[in-house]
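[1] Quick check, what structure comes out for this input:
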Amino acid sequence: MQAKKFTAPDMRRALDMVRLSLGPDAMILSTKRQAKGVEVLAACEEDIVKARAEMTPFSQDEQLSEADRPEDQQALNQISANYQSDRISRSRVQPSVGLASGKTKQELMRELEEARQRMLRNKKMENMTIGDLADQIHEESKSKAAAERSESLAEHSGQEIDALREEINGLRALFENQLAERVASQQALPRVHKTTKSPAADVVPFKSTIGKRFSRLGLQQKATQTVLASLSQGVKERPLTKEELWPDALAKLAHHIPVDASDPVSSGGVYALLGPTGVGKTTTVAKLAARHVLSRGASEVALVTTDTYRIAAHDQLCSLGRILNVSVTVIDQLDELAPTIELLSKRFHLVIIDTPGMNLNDPLLSEHLMALNQVKGIKTLLAVSANSQYQMMRASVHAYQKAKLSGCVLTKLDESASLGEAMSLLMEAGLPLTYITDGQSVPDDIDCIKAHQLVARSLNVIKEHKLDQVASV
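    You can find the predicted model right below:
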């Protein structure tokens, strides 16, 4: 018999080589995996029959069946020995697993069955022709592809179900919003007289949803109504989703926030920082002065303080003057303020006045504001802490509006969990935002900002503090 050995990277290529060399009726004698791939030993069926006829038969004791291959017989003997040892041990001690093999009876029986199935497969493969083996491989690959298609179809069906569920939730939210608006409008209508509906309620879809989102940003009700009223004027005659309407609502909000991002202090002049105690006036003065020193030099800046009410209150500003090498003037009497500022404004490009923080109901506050009004060409900036309550912000604007405020400095943004209150204040007071501060570093933590940047920052603050997922409403 002439047997040939074929080596290929995989079984399919090996079978192709056998078919080309020995024909489709060739028989596979053995297969073995190697580091380079698969090794197949094959021969022609005619050669095998001829070789068997010429072979001298063994005696009955020496004959081996085709199923008794040495490696399989050895595995069966080992498993059988382990099983016998396990039975002996179990009869003595009755443990839950075999002492010799460390395996239970069920595991040993399963190994015996696997060995028997492996021997049957090997015997069947040795008797298969090259065509039968190729058909078997084709059927296995076909069943594998069918299983993969089933998994892909199941995954695709799951995605379609998720999309359908999301669409149903959107419709439910739409119906709930429309029902809530209808109930609210019916409650607001008199029983006898008919009134016209609000344009915002008719035109703006998801009105209650947008209002809830603004509320979770910290925006006050009056500011929210202003934005919704302007939003209704820009809505087109087509249905809008929440995802389409929310960016428009944020853009309208930014449009209503007054902002002066031109860095007015850099142009020079006389500026006074006003505000209650603890809002960061002195730190803001230091940042503005340091920025001007870096751009124009120390000889162009002068600092003035009128804070002589607190003990050693002006020492902080004097220490800053020594660090920056700028002039610092302390005003003890308010009647000296106007003439002193007039002299300094002629010598220096920028004069910044730091005022004391007082109780909003203190009579001395009115005297201070009157003294500031007598200074020619002065511009007053109100410092408002972003982490203050909205009513406190309104009270500060009301108390300092006698000084003819030119702008607002929003401080302590890094300590605030919401910027909606500050944005509502700017909209209601019509006070332009000139600077923001978000830290203690001098002069880095101060900047000019545009309205849309402030709105984006308010969204980011909500996400950072994890108060609520506004976009998921």
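[2] residue ranges with poor pLDDT in the stretch 301-450 of the chain?
    Scanning the stretch 301-450 of the chain for pLDDT under 70 picks out 310-313.
[3] Now do the helices in it.
    315-324, 337-347, 363-373, 390-400, 420-429 (DSSP state H, counting those that start in this stretch).
[4] Any idea which of these gets closest to Gly170?
    helix 420-429 (25.8 Å; CB to CB). (Glycine included, C-beta is placed from N, CA and C.)
[5] between the closest one and helix 390-400, how many degrees?
    In terms of direction (axes from the mean of the first three to the mean of the last three CA atoms, to 10 degrees), helix 420-429 departs from helix 390-400 by 40 degrees.
[6] can you list contacts of helix 420-429?
    The contact list for helix 420-429 (CB atoms under 8 Å, 6 or more residues apart in numbering) reads 214, 217-220, 222-223, 226, 253, 256-259, 384, 386, 388-390, 393-394, 397, 408, 410, 416, 431-433, 454-455, 458.
[7] same thing but 7 Å
    For helix 420-429, the surrounding residues in contact (CB atoms under 7 Å, 6 or more residues apart in numbering) are 217-220, 222-223, 226, 256-258, 384, 386, 390, 393-394, 397, 408, 410, 433, 454, 458.
[8] repeat for stretch 324-340
    So stretch 324-340 is contacted by 289-290, 293, 298, 301-306, 308, 314, 317-318, 321, 344, 367-368, 371, 374-375 (CB under 7 Å, 6+ apart).
[9] buried subset of the residues you listed?
    The neighbour-count test (16 or more other CB atoms under 10 Å) marks 289-290, 293, 298, 301-306, 314, 317, 321, 344, 368, 371, 375 as buried among these.
[10] what's the neighbour count on Val227?
    Val227: 23 surrounding residues under other CB atoms under 10 Å.
[11] what residues are up against it?
    Phe214, Ala249, Lys252, Leu253, His256.
[12] any idea how far Leu413 is from the first one?
    The one in question is Phe214. Using CB to CB, to the nearest Å, we find Phe214 at a distance of 19 Å from Leu413.
[13] can you pull out the strands in the stretch 201-350 of the chain?
    For the stretch 201-350 of the chain, the strands defined by DSSP state E, counting those that start in this stretch cover 269-274, 301-305, 327-330, 350-354.
[14] possible to save those as CSV with distance to Ala146?
    Formatted as CSV, those follow (distance: least, CB to CB, whole Å):
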stretch, distance to Ala146
strand 269-274, 77
strand 301-305, 81
strand 327-330, 86
strand 350-354, 80
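[15] I'd like to know which of the ones you listed is closest to Ser150.
    Judging those by CB to CB, what sits closest to Ser150 is strand 269-274, at 71.8 Å.
[16] Identify each buried residue in that closest one, please.
    By 16+ other CB under 10 Å, the buried positions in strand 269-274 come out as Val270, Tyr271, Ala272, Leu273, Leu274.
[17] Out of the contacts of Val227, which end up buried?
    Among those, those scoring as buried are Phe214, Ala249, Lys252, Leu253 (criterion: 16+ other CB under 10 Å).
[18] now for the residues you listed, which pair is the farthest apart?
    The distance between the two most remote of the buried ones among the contacts of Val227 (CB to CB) is 10.5 Å, for Phe214 and Lys252.
[19] What ranges does the stretch 101-250 of the chain have for its helices?
    Using DSSP H, counting those that start in this stretch, the helices of the stretch 101-250 of the chain run over 105-127, 130-188, 199-203, 207-216, 221-234, 242-256.
[20] roughly how far apart are Ala290 and Ser143?
    Taking CB to CB, one finds Ala290 at 76 Å from Ser143.
[21] got the contact list for stretch 245-258?
    For stretch 245-258, contacts defined as CB under 7 Å, 6+ apart pick out 205-206, 210, 213, 226-227, 230-231, 234, 423, 426-427, 430-433, 451-452, 454-455.
[22] what secondary structure does Pro24 sit in?
    Secondary structure, DSSP: H, G, I helix; E, B strand; the rest coil: Pro24 is coil.
[23] Tell me how far it lies from Ala42.
    Pro24 is 12 Å from Ala42, by CB to CB.
[24] Looking only at neighbour counts, state which of these two leads.
    Higher neighbour count among Pro24 and Ala42: Ala42, with 24 against 11, using other CB under 10 Å.
[25] sec struct for the more buried one, please.
    Per three-state DSSP, the secondary structure class of Ala42 is strand.
[26] can you count the residues close to Asp162?
    By the criterion of other CB under 10 Å, Asp162 has 10 neighbours.
[27] try Thr7
    For Thr7, the count of nearby residues is 14 (other CB under 10 Å).
[28] Contacts only, for the residue lying closest to it once chain neighbours are set aside.
    For Thr7, ignoring the flanking residues on the chain, the nearest one in space by CB to CB, 6 or more residues apart in numbering is Glu39 at 5.1 Å. If a contact means CB under 7 Å, 6+ apart, then Glu39 has Lys5, Thr7, Lys32 as its contacts.
[29] Specify which member of these is nearest to Val351.
    Thr7 (93.1 Å).
[30] can I assume Arg296 is in contact with Ala289?
    No. With contact defined as CB atoms under 7 Å, Arg296 does not reach Ala289; the gap is 10.9 Å.
[31] For Thr209, give me the pLDDT.
    Predicted confidence (pLDDT) for Thr209: 76.
[32] burial measure for the residue nearest to Gly357 when sequence neighbours are not counted, as a count.
    Nearest non-adjacent residue to Gly357, counting by CB to CB, 6+ apart: Thr277, 3.1 Å away. Neighbour count of Thr277, defined by other CB under 10 Å: 10.
[33] How about Arg149?
    Using other CB under 10 Å, Arg149 has 10 neighbouring residues.
[34] before we move on, what about Ala223?
    Counted with other CB under 10 Å, Ala223 comes out at 23.
[35] Quickly note the distance from the nearest residue to Ile436 once chain neighbours are set aside to Leu164.
    Nearest residue to Ile436, sequence neighbours excluded (CB to CB, 6+ apart): Leu410, at 4.7 Å. The gap separating Leu410 from Leu164 is 46 Å, by CB to CB.
[36] who has more neighbours, these two?
    Higher neighbour count among Leu410 and Leu164: Leu410, with 26 against 10, using other CB under 10 Å.
[37] which residues does that one contact?
    Counting by CB under 7 Å, 6+ apart, Leu410 makes contact with Val384, Ala386, Ala422, Leu433, Ile436.
[38] ok, now Thr226?
    Residues in contact with Thr226 (CB under 7 Å, 6+ apart) are His256, Met427.
[39] Run through the stretch 51-200 of the chain and note the low-pLDDT ranges.
    In the stretch 51-200 of the chain, residues with pLDDT under 70: 51-103, 123-138, 141, 152-157, 173-174, 176-178, 180-200.
[40] burial of the residue lying closest to Asp445 once chain neighbours are set aside, as a residue count?
    In space, and not counting its chain neighbours, Asp445 is closest to Gly439: 3.3 Å by CB to CB, 6+ apart. Applying other CB under 10 Å, we find 14 residues neighbouring Gly439.
[41] Next one: the closest residue to Leu303 other than its chain neighbours from Pro247, what distance?
    Leaving aside its sequence neighbours, Leu303 sits nearest to Val328 (CB to CB, 6+ apart; 4.7 Å). To Pro247, Val328 is 48 Å away according to CB to CB.
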